[in-house]
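In: Here's a sequence, model it:
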Amino acid sequence: MAEDRKEYNEFWEKKWVANETYWDIGKMQVALKELIEENKFPLPKGNCLVPGCGRGYDAIFFAQQGFKTIGLDVSVSARNAAISLAKQHDILPGLLEFVTDDFYTFEPPASLFQVAYDYTFLSIIKPKDRHLWGQRYAELISPGGYLITLIFPIDFGADDGNIPPFKLNIKMCHEALDMNFTLVYEDTDPPKDPERDSACIMAIWKRVLPLKGSSL
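Out: Numbers count the residues shown, from 1 in each chain. Next up is the predicted model:
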């Protein structure tokens, strides 16, 4: 898997260097903003992880809400862009860090994460690796912690192959997560921005004990 990951990670750095970030709509999604600000589902304040954070919109938001946040991305150029954007926002010291590393191998804090947020990150995970995606979240999120998934895209994308985005659905998430998580919240029609109004699902999963099925 390591060689495959290295090549895939380099693919994303090349996209950022070439300014081919067509997935970036210039802001965070309103579904997450309303979920947190309107307290639609109470979440514990603590460590927060945003993998595949790109320019950092979501990571910046979580830090502004008081979560100690790590925005993770394999691209050095993405990290630089996120750091630059964060400087334009008021964020308390110590609440936000951007890290260049691989989701599957980076070292989490000793207390792990109490919250993680996955939006479009799953859509770039090759279908054959989705079980590894679910297992890795189980290793990174502390017992009783939560994984927020804004599942997108649902109505377009590839069903298989090597080129993302890959089409998703809630069943795929259950298959990858149910061994270590329980679905505790689902909104099948969350609010959407005009710039990205395709179908999506907001789902929150609670990390349960014991950790099962390590295969990394």
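In: Name the residues that touch the helix or strand of the chain with the lowest mean pLDDT?
Out: Lowest by mean pLDDT, DSSP states H and E among the helices and strands of the chain is helix 2-17, with a mean of 83. Contact with helix 2-17 is made by 21, 73, 74, 75, 76, 77, 78, 81, 102, 104, 126, as judged by C-beta atoms under 8 Å, 6 or more residues apart in numbering. Heads up, the C-betas are built off the backbone N, CA and C, glycines and all.
In: What is the helix or strand just after that helix packed up against?
Out: Where DSSP states H and E defines the elements, the next helix or strand beyond helix 2-17 is helix 30-37. Contacts defined by 3 or more C-beta pairs under 8 Å, 6 or more residues apart in numbering; DSSP states H and E place helix 30-37 against helix 57-64, strand 141-151, strand 201-207.
In: Next, the buried residues of the helix or strand following the longest one.
Out: Beyond strand 141-151 on the C-terminal side, the first helix or strand identified by DSSP H and E is helix 170-177. Of the residues in helix 170-177, those buried by neighbour count under the rule 16 or more other C-beta atoms under 10 Å are 172, 173, 176, 177.
In: Looking at the contacts of helix 2-17, spot the one nearest residue 39.
Out: Comparing these against residue 39 with C-beta to C-beta places residue 73 closest, at 28.4 Å.
In: burial count for that closest one?
Out: Counted with other C-beta atoms under 10 Å, residues neighbouring residue 73 total 29.
In: next one: residue 77
Out: Other residues near residue 77 number 18, with proximity taken as other C-beta under 10 Å.
In: Can you give me the distance of it to residue 46?
Out: As judged by C-beta to C-beta, to the nearest Å, residue 77 and residue 46 stand 29 Å apart.
In: One more: residue 89?
Out: With distances taken as C-beta to C-beta, residue 89 is found 21 Å from residue 46.
In: Compare the two (neighbour count), which wins?
Out: Neighbours were counted for residue 89 and for residue 46 using other C-beta under 10 Å; residue 46 has more, 16 against 13.
In: Look at the more buried one and report its pLDDT.
Out: If you check residue 46, the pLDDT there is 96.
In: swap in residue 140?
Out: As predicted, residue 140 sits at a pLDDT of 98.
In: can you check residue 1 too?
Out: Note on residue 1: pLDDT of 51.
In: Nearest spatial neighbour of residue 103, chain-adjacent residues omitted?
Out: Leaving aside its chain neighbours, residue 103 sits nearest to residue 51 (4.7 Å; criterion: C-beta to C-beta, 6 or more residues apart in numbering).
In: wait, isn't that neighbour in contact with residue 102?
Out: No - contact criterion C-beta atoms under 8 Å: residue 51 and residue 102 do not qualify, at 9.6 Å.
In: Between the two, which is the more surrounded one?
Out: residue 51 (26 against 15).
In: Run the angle between the helix or strand in which residue 49 is found and strand 141-151 for me.
Out: For residue 49, the host element (DSSP H and E) is strand 47-51. Using axes from the mean of the first three to the mean of the last three C-alpha atoms, to 10 degrees, the direction of strand 47-51 lies 40 degrees away from that of strand 141-151.
In: Listing partners with orientation, what would you give for strand 47-51?
Out: In the sheet, strand 47-51 lines up against strand 68-73 (parallel), strand 113-119 (parallel) (DSSP bridges).
In: Many thanks, have a good one.
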